[in-house]
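1. what follows is a predicted protein model with its sequence.
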Amino acid sequence: MDALEGLRKALEAEHAAVYAYGVVGARTAGTHRREATAAFDAHRARRDRLRELIVARGGTPAEPAAGYDLPFPVRTAEDCVRLAALVEERVTAAYLELVAVGDATLRDLAATAMQESTTRAYRWRPQIPDFPGWK
């Protein structure tokens, strides 16, 4: 994968995460709202960093969509928890290919982002997913 393509893919996931956490934060309270706010801030910071990296490499970063289709209706606190965990899993997947690029700085950024999003996913849904091929 080309580094610029990997950065763009990660940026798309971060745009969607910022949107989703806006929904989660608006529909939760207490601890869940605090966790959603912290995740929103983290994804916004990652999004901004990715935009900078794309521009530094001569690319044009994509703007966020006006809205995103959610994978299911989000009406309850349980729906919010489910959405937050799913968003983090998708963000982790978006960074996966970026860890294979030649630029060590980008590989480090991707590995750190994957670790952070996996940790957040676990906080929302404390179960460890199977690794492909792991029994």
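-> Yes, it's here.
2. okay, and the residue most central in space within the chain sits in which element?
-> Residue closest to the average C-alpha location in the chain (C-alpha atoms, centre = their mean): Val91, at 3.3 Å. Using DSSP states H and E, Val91 sits within helix 77-96.
3. quick check: buried residues in that helix?
-> For helix 77-96, the neighbour count (16 or more other C-beta atoms under 10 Å) marks 79-92, 94-95 as buried. Using the backbone N, CA and C atoms, a C-beta is placed for each residue, glycine as well.
4. relative to helix 77-96, how tilted is whichever helix or strand comes after it?
-> Reading on from helix 77-96 to the C-terminus, the next helix or strand found by DSSP H and E is helix 104-124. Calculated by axes from the mean of the first three to the mean of the last three C-alpha atoms, to 10 degrees, helix 104-124 forms an angle of 160 degrees with helix 77-96.
5. helices and strands around helix 104-124, which ones?
-> helix 3-26, helix 30-56, helix 77-96 (3 or more C-beta pairs under 8 Å, 6 or more residues apart in numbering; DSSP states H and E).
6. right, I'll call it a day here.
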